[in-house]
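Visitor: structure for the following, please:
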Amino acid sequence: MVDNSMKVKYWITKEGVTPPIQIGEEGGVVFRAADRYIFQPYKTVNVETGIKLDIPDGYEVQIRGRNDLVLNKGLVIAHGVLSLGSNYDKEIVIPIRNTEGYTKVIELAEPIASFVFVKLEQVRLVQEKPKEIKKEEPKIDVPV
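Guide: Sure thing, here's the model as predicted:
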């Protein structure tokens, strides 16, 4: 069997961080929390992963919330899906929001988000003149 999977380098940026976990054949990978985090009601916390990725040119990483974090804890990625391009060269930090009225906790090494690599198409915008739109005078009914 030939392995056609894309190879992506990553670095652990903090001591004691658990490496990302490959999940299934669909190519998804899971980030884990690099520390213990406490979430006050309705507040957002930037959760560090302790991981830096070498995102190839022409790709982006899409980071998505995990169902168990949403369903069991009411914690969501603050922007829905977080997209990072090849120019992002820092540690992956994920803004997570507590959507409920009481304090929540994410423990060290707890799975917090899944990510996939998505190939980007090159787009070239071409400006055109707007099409002429004929305006009709409004008809006003006047009582007689």
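
Visitor: tell me the average confidence for stretch 83-102?
Guide: For stretch 83-102, the mean pLDDT works out to 95.

Visitor: okay, and the helix or strand of the chain with the least pLDDT?
Guide: strand 21-23 (a mean of 77; mean pLDDT, DSSP states H and E).

Visitor: contacts for that strand?
Guide: Gly28, Val29, Val30, Arg32, Pro111, Ser114 (C-beta atoms under 8 Å, 6 or more residues apart in numbering). C-beta coordinates here come from the backbone N, C-alpha and C atoms, glycine included.

Visitor: quick check: beta-bridge partners of the fourth one?
Guide: Residues found in beta-bridge contact with Arg32 (criterion: DSSP bridges) are Pro111.

Visitor: per-residue pLDDT, it?
Guide: 92.

Visitor: how close does it get to Pro111?
Guide: Per C-beta to C-beta, to the nearest Å, Arg32 is found 6 Å from Pro111.

Visitor: compare the two (neighbour count), which wins?
Guide: Of the pair Arg32 and Pro111, Arg32 is the one with more neighbours under other C-beta atoms under 10 Å, namely 21 against 17.

Visitor: so what's the residue nearest to the spatial centre of the chain up against?
Guide: The chain has Leu82 as the residue nearest its centroid, 2.2 Å off, counting by C-alpha atoms, centre = their mean. Leu82 makes contacts with Gln62, Ile63, Arg64, Ile94, Pro95, Ala113, as judged by C-beta under 8 Å, 6+ apart.

Visitor: out of these, list just those in strands.
Guide: Using DSSP state E, Gln62, Ile63, Arg64, Ile94, Pro95, Ala113 are the members of the contacts of Leu82 that sit in strands.

Visitor: of those residues, which is the nearest to Ile133?
Guide: Using C-beta to C-beta, Gln62 comes nearest to Ile133 of the ones in strands among the contacts of Leu82, at 38.0 Å.

Visitor: pLDDT at the closest one, what is it?
Guide: For Gln62, the predicted pLDDT is 94.

Visitor: those helices in the chain, which residues are they?
Guide: 67-73 (DSSP state H).
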